[in-house]
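[1] got a predicted structure plus its sequence, pasted below:
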Amino acid sequence: MPPHKSFRLGPAAAALVSEARRQAQHGEPDQALATLERALRIEPSNPLLWIELGETHEQAGHEELADSFAHKALQLASGDARVQARAWHLIAESLRARGQNAQASEAQARAGALEAQ
(Lines give C-alpha, C1' and ligand atoms only; values in the text may rest on other atoms or scores of the structure.)
Protein backbone atom coordinates (compact mmCIF):
# COMPACT_ATOMS: atom_id res chain seq x y z
CA MET A 1 0.00 0.00 0.00
CA PRO A 2 1.47 3.39 -0.99
CA PRO A 3 2.17 5.86 1.79
CA HIS A 4 -0.60 8.30 2.65
CA LYS A 5 -0.05 11.83 1.39
CA SER A 6 -1.81 15.00 2.33
CA PHE A 7 -1.48 17.80 -0.18
CA ARG A 8 -1.48 21.39 1.04
CA LEU A 9 -0.90 24.72 -0.65
CA GLY A 10 2.20 26.71 0.17
CA PRO A 11 1.72 30.28 1.40
CA ALA A 12 2.22 31.98 -1.97
CA ALA A 13 -0.10 29.58 -3.82
CA ALA A 14 -2.70 29.82 -1.04
CA ALA A 15 -2.70 33.61 -1.32
CA LEU A 16 -3.17 33.38 -5.08
CA VAL A 17 -6.03 30.88 -4.69
CA SER A 18 -7.76 33.25 -2.26
CA GLU A 19 -7.35 36.09 -4.74
CA ALA A 20 -8.65 33.93 -7.61
CA ARG A 21 -11.73 32.93 -5.59
CA ARG A 22 -12.42 36.60 -4.86
CA GLN A 23 -12.04 37.46 -8.54
CA ALA A 24 -14.39 34.65 -9.57
CA GLN A 25 -17.00 35.74 -7.00
CA HIS A 26 -16.84 39.26 -8.41
CA GLY A 27 -17.54 38.06 -11.95
CA GLU A 28 -13.96 38.19 -13.17
CA PRO A 29 -13.37 34.61 -14.39
CA ASP A 30 -10.57 35.53 -16.80
CA GLN A 31 -8.61 37.25 -14.04
CA ALA A 32 -9.28 34.33 -11.70
CA LEU A 33 -7.94 31.87 -14.28
CA ALA A 34 -4.83 33.99 -14.84
CA THR A 35 -4.24 34.15 -11.09
CA LEU A 36 -4.55 30.37 -10.78
CA GLU A 37 -2.12 29.91 -13.65
CA ARG A 38 0.38 32.04 -11.71
CA ALA A 39 -0.11 29.73 -8.71
CA LEU A 40 0.52 26.71 -10.96
CA ARG A 41 3.86 28.18 -12.00
CA ILE A 42 4.81 28.15 -8.30
CA GLU A 43 3.48 24.64 -7.52
CA PRO A 44 2.94 22.81 -10.83
CA SER A 45 2.70 19.37 -9.19
CA ASN A 46 0.08 20.31 -6.61
CA PRO A 47 -3.23 18.61 -7.52
CA LEU A 48 -5.18 21.11 -5.40
CA LEU A 49 -4.27 23.86 -7.85
CA TRP A 50 -5.37 21.77 -10.84
CA ILE A 51 -8.72 21.20 -9.10
CA GLU A 52 -9.09 24.93 -8.40
CA LEU A 53 -8.35 25.65 -12.05
CA GLY A 54 -10.88 23.03 -13.13
CA GLU A 55 -13.56 24.34 -10.78
CA THR A 56 -13.06 27.88 -12.06
CA HIS A 57 -13.30 26.69 -15.66
CA GLU A 58 -16.45 24.76 -14.79
CA GLN A 59 -18.02 27.87 -13.26
CA ALA A 60 -17.18 29.70 -16.49
CA GLY A 61 -18.97 27.01 -18.52
CA HIS A 62 -15.85 25.28 -19.81
CA GLU A 63 -16.85 21.77 -18.75
CA GLU A 64 -14.41 19.91 -21.00
CA LEU A 65 -11.47 21.90 -19.62
CA ALA A 66 -12.74 21.27 -16.10
CA ASP A 67 -12.77 17.55 -16.82
CA SER A 68 -9.26 17.68 -18.27
CA PHE A 69 -7.84 19.53 -15.25
CA ALA A 70 -9.60 17.17 -12.84
CA HIS A 71 -7.97 14.21 -14.58
CA LYS A 72 -4.58 15.95 -14.31
CA ALA A 73 -5.23 16.37 -10.58
CA LEU A 74 -6.02 12.65 -10.30
CA GLN A 75 -2.66 11.80 -11.87
CA LEU A 76 -0.87 13.96 -9.31
CA ALA A 77 -2.95 13.05 -6.25
CA SER A 78 -1.85 9.47 -5.67
CA GLY A 79 -1.84 8.66 -1.99
CA ASP A 80 -4.34 11.37 -0.99
CA ALA A 81 -7.88 9.96 -1.10
CA ARG A 82 -9.38 13.31 -0.05
CA VAL A 83 -7.91 15.12 -3.06
CA GLN A 84 -8.73 12.23 -5.39
CA ALA A 85 -12.37 12.38 -4.21
CA ARG A 86 -12.48 16.11 -4.90
CA ALA A 87 -11.20 15.49 -8.42
CA TRP A 88 -13.83 12.80 -9.03
CA HIS A 89 -16.56 15.18 -7.81
CA LEU A 90 -15.38 17.75 -10.36
CA ILE A 91 -15.34 15.11 -13.08
CA ALA A 92 -18.89 14.13 -12.14
CA GLU A 93 -20.05 17.75 -12.28
CA SER A 94 -18.44 18.33 -15.67
CA LEU A 95 -20.00 15.14 -17.06
CA ARG A 96 -23.42 16.03 -15.65
CA ALA A 97 -23.20 19.50 -17.20
CA ARG A 98 -22.59 17.83 -20.58
CA GLY A 99 -25.57 15.49 -20.16
CA GLN A 100 -23.47 12.39 -19.53
CA ASN A 101 -25.44 11.32 -16.49
CA ALA A 102 -24.46 7.64 -16.39
CA GLN A 103 -20.76 8.50 -16.45
CA ALA A 104 -21.37 11.26 -13.91
CA SER A 105 -22.97 8.73 -11.56
CA GLU A 106 -19.95 6.44 -11.94
CA ALA A 107 -17.57 9.30 -11.16
CA GLN A 108 -19.68 10.29 -8.15
CA ALA A 109 -19.55 6.69 -6.90
CA ARG A 110 -15.75 6.70 -7.20
CA ALA A 111 -15.62 9.91 -5.18
CA GLY A 112 -17.86 8.37 -2.53
CA ALA A 113 -15.71 5.24 -2.30
CA LEU A 114 -12.61 7.38 -1.76
CA GLU A 115 -14.35 9.46 0.91
CA ALA A 116 -15.28 6.27 2.75
CA GLN A 117 -11.61 5.27 3.14
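    Everything's here; your move.
[2] low-confidence stretches in the protein?
    1-4 (pLDDT under 70).
[3] from the centroid of this protein, which residue is nearest?
    With distances taken as CA atoms, centre = their mean, the residue of the chain nearest its centroid is Ile51 (1.3 Å).
[4] need the three-state assignment for that one.
    Secondary structure state of Ile51, per DSSP: H, G, I helix; E, B strand; the rest coil, is helix.
[5] how much space between the residue lying closest to it once chain neighbours are set aside and His26?
    Distances taken as CB to CB, 6 or more residues apart in numbering put Ala73 closest to Ile51, at 4.7 Å, once the chain neighbours are dropped. Bear in mind the C-beta positions are built from the backbone N, C-alpha and C, glycine included. Distance, Ala73 to His26, by CB to CB, to the nearest Å: 25 Å.
[6] please identify which of these two sits among more neighbours.
    Legend: neighbour count by other CB atoms under 10 Å for Ala73 and His26, higher for Ala73 (26 against 10).
[7] can you name the residues in contact with the one helix or strand the more buried one maps to?
    Using DSSP states H and E, Ala73 sits within helix 63-76. With contact meaning CB atoms under 8 Å, 6 or more residues apart in numbering, helix 63-76 is reached by 45-48, 50-51, 53-55, 57-58, 83-84, 86-88, 90-91, 93-95, 97-98.
[8] are any of these buried, and which?
    46-48, 50-51, 53-55, 57-58, 83-84, 86-88, 90-91, 93-95, 97 (16 or more other CB atoms under 10 Å).
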